[in-house]
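> The following comprises the amino acid sequence and a computationally predicted model.
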Amino acid sequence: MPMPPATSDPPTTRESFVPPLVRAASEWAWRSIVIGVAAIAFLYLLGFLSEVVIPLTVGLLLCALLSSVHLRLTRVMPRGAAAGVTVLGTILVIAGLLVLVGTQISGGFDSMSEQVSTGITQARDWIRGTLGISDDQFSQYLEEIKQFLSSANLGSSLRRAGVTAGHFVAGTFIALFTLFFFLYDGPRIWAWVVRLFPRVARDRVDSSGTVAWGQLTAYTRATVLVAAVDAVGITAGALILRVPFALAIGVLVFLLSFIPIVGALLSGAVAVIIALVAHGPVTALIMLAVVIGVQQLESHVLQPFILGRSVRVHPLGVIAAIATGAILAGIVGTLVAVPVVAVVKAVAEHLFRHDHDDHNHDHNDHDDGEDVADDPPVLDDAPVAAGESPA
């Protein structure tokens, strides 16, 4: 039976009608969609496990901050004892600051109570003369507030607050427990994580972890510096205005500066309220201006500049990271946004340099091989089986 004549034209396929640029764009598009879906699923999982993830994150940040202290203690005592002393010292320092605040407030409460009535009277007189609000309007506003509170579902709000307080206490213990074991057994924990990866990737994972840890340590130390500057500025303003409990206000500002947004609002509100009840509305407005000025300086100048230099991220990137973190995860997002961006950037640059150095090394080896080889390679004359490569 005669065979049909063979044609030299290649078979027409559907891909031949798709331009290469469109094909490449479609491949990038569906891969980007898969990556985006995986990222969303990962963020959802982190949000679902937030009661565990947040304490672990806090413990990791505290470990980055206190690792240098623990390292110095290990020179004179075992690692376990050094980790325990570091954790206990941290608890004692925080408790001591809180006791200082409480002692100063309780010690000056008697003299403060004498100024409360005078300050409130000055505030009411100032509001009357400035805003034109009479006593009848004050009574009406108070009645509306009472009606709002009575109509609000305070029972469920208090129950939610109780649950949140319980989660906070549990999270605090988890964070301290995590801090101890990160300090005591951190190298072995990291070695176990590295062994989860294939052998060919372990060196890069290990070196990337070293780079990430350096960036995280720099971030925590820069955050402490920013919080200290914020506390010193507001304390100086309170001392100049002779606001009572100025040192306690400074300690409170320092501690609450580690809580983004909410901490600044709470500490600033406390300073302004104390100035109001102690010296009247004029001093309170000046104190408010001082608080706003220091916080704006810290948010828009010091934080981007200091954090940007410490973690090697541009100030615009710092601001964009904080805003993005606030949108995605609220307060927790603002807390971890900058270190995440810094770590990702540093690790990406490290891996890029590693790949570039490997490429140059392979290229140099190839050039050296060409200089040494005098004869061309000898090819094997054995037949190639079907389906195998001739290489």
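It's in. Numbers count the residues shown, from 1 in each chain.

> Please enumerate the helices of the stretch 151-300 of the chain.
Remark: helices assigned in the stretch 151-300 of the chain by DSSP state H, counting those that start in this stretch are 154-195, 199-240, 246-256, 262-279, 281-297.

> tally of neighbours for residue 236?
Neighbours of residue 236 under the rule other Cβ atoms under 10 Å: 14. The C-beta positions use only the backbone N, C-alpha and C, and glycine is treated the same way.

> and the gap between it and residue 275?
Distance, residue 236 to residue 275, by Cβ to Cβ, to the nearest Å: 14 Å.

> what's the answer for residue 352, then?
Distance of residue 352 to residue 275, computed by Cβ to Cβ: 53 Å.

> Same question for residue 54.
For residue 54, the distance to residue 275 (Cβ to Cβ) stands at 34 Å.

> Just want to know which of those two has more residues nearby.
residue 275 (28 against 20).

> Where does the prediction get shaky in the stretch 151-300 of the chain?
Residues of the stretch 151-300 of the chain meeting the criterion pLDDT under 70: 151-166, 259-262.

> Check which helices and strands the helix or strand that residue 27 is a member of is in contact with.
Element membership of residue 27, judged by DSSP states H and E, is helix 20-48. With contacts defined as 3 or more Cβ pairs under 8 Å, 6 or more residues apart in numbering; DSSP states H and E, helix 20-48 has these neighbours: helix 315-372.

> What's the mean pLDDT across the helix it packs on?
Helix 315-372 comes out with an average pLDDT of 72.

> List of residues touching whichever strand or helix holds residue 61?
Per DSSP H and E: residue 61 is located in helix 50-73. Contacts with helix 50-73, where a contact means Cβ atoms under 8 Å, 6 or more residues apart in numbering, come from 46, 81-83, 85-86, 89-90, 167, 170-172, 174-179, 182-183, 186, 213, 216-217, 219-221, 224, 332, 335-336, 339.

> go with 7 Å
Outside helix 50-73, the residues within contact range by Cβ atoms under 7 Å, 6 or more residues apart in numbering are 46, 82-83, 85-86, 90, 167, 171, 174-175, 178-179, 182-183, 186, 216-217, 220-221, 224, 332, 336.

> List the buried residues of the helix or strand just after that helix.
Next along the chain after helix 50-73, taking DSSP H and E as the criterion, comes helix 79-107. In terms of neighbour count (16 or more other Cβ atoms under 10 Å), helix 79-107 has its buried residues at 79, 82-84, 86-87, 90, 97, 101, 104-105.

> what does stretch 175-188 give?
175-176, 178-180, 182-184, 186.

> Of the residues you listed, which is the nearest to residue 38?
Nearest to residue 38 among those, counting by Cβ to Cβ, is residue 178 at 26.3 Å.

> Against residue 227, how distant is the closest one?
In terms of Cβ to Cβ, residue 178 sits 22 Å off from residue 227.
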